[in-house]
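Novice: From the sequence below, what's the structure:
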Amino acid sequence: MASFGHFIKTEREKREWTQTEFGAKIGINTSAISRIENGSQKFSKSKLKKLSEIFDIELQQITDLFFADKFVREALKYKCSDSIFSIAEETANYYRNTNVKQGKLEL
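Specialist: Numbers count the residues shown, from 1 in each chain. Now for the predicted structure:
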């Protein structure tokens, strides 16, 4: 996947919807759809569930794509090295393991 905007454009085009038709379905005007697809405007997190329903794609997949795109944009914005991605994975594993251990505590 190139970007979240590209994902939206690809899925919209698969269904042969114009930007206007898609915008009407999700509640976003045509010019905003254009900016989202070309990456100059961010997609609203509050619209993820609706996007999942419109495209008939699991919400988890949509959410993962959205936040992956967001994370990469931030990493690039701050000129992080490529090692940021493996560090982020290690950090995510740490938090998962910490939460699991904490959840098992019985007092």
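
Novice: For the nearest residue to Lys47 once chain neighbours are set aside, grab the count of nearby residues.
Specialist: Nearest residue to Lys47, sequence neighbours excluded (C-beta to C-beta, 6 or more residues apart in numbering): Ile26, at 6.0 Å. Any C-beta I mention is one placed from the backbone N, CA and C, and that applies to glycine too. Neighbourhood size, Ile26 [other C-beta atoms under 10 Å]: 19.

Novice: And the pLDDT at Ile26?
Specialist: Looking at Ile26, its pLDDT stands at 97.

Novice: Show the contacting residues for it.
Specialist: Going by C-beta atoms under 8 Å, 6 or more residues apart in numbering, Ile26 touches Lys47, Lys50, Leu51, Ile54.

Novice: May I see these arranged in a markdown table, with secondary structure as well?
Specialist: Formatted as a markdown table, the contacts of Ile26 follow (DSSP: H, G, I helix; E, B strand; the rest coil):
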| residue | secondary structure |
| --- | --- |
| Lys47 | helix |
| Lys50 | helix |
| Leu51 | helix |
| Ile54 | helix |
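
Novice: now, which of those sits nearest Ile62?
Specialist: In terms of C-beta to C-beta, no member of the contacts of Ile26 lies closer to Ile62 than Leu51, at 5.7 Å.

Novice: Would you agree that closest one is in contact with Thr63?
Specialist: No. The pair Leu51 / Thr63 is not scored as a contact, 9.7 Å apart, by C-beta atoms under 8 Å.

Novice: now the contacts of Ile26: which count as buried?
Specialist: Using 16 or more other C-beta atoms under 10 Å as the burial test, the contacts of Ile26 include Lys47, Leu51, Ile54 as buried.

Novice: out of these, who's nearest His6?
Specialist: Using C-beta to C-beta, Leu51 is the member of the buried ones among the contacts of Ile26 that lies nearest His6, at 14.0 Å.

Novice: mind checking how far the closest one is from Glu13?
Specialist: 15 Å (C-beta to C-beta, to the nearest Å).

Novice: Also Thr30?
Specialist: 15 Å.
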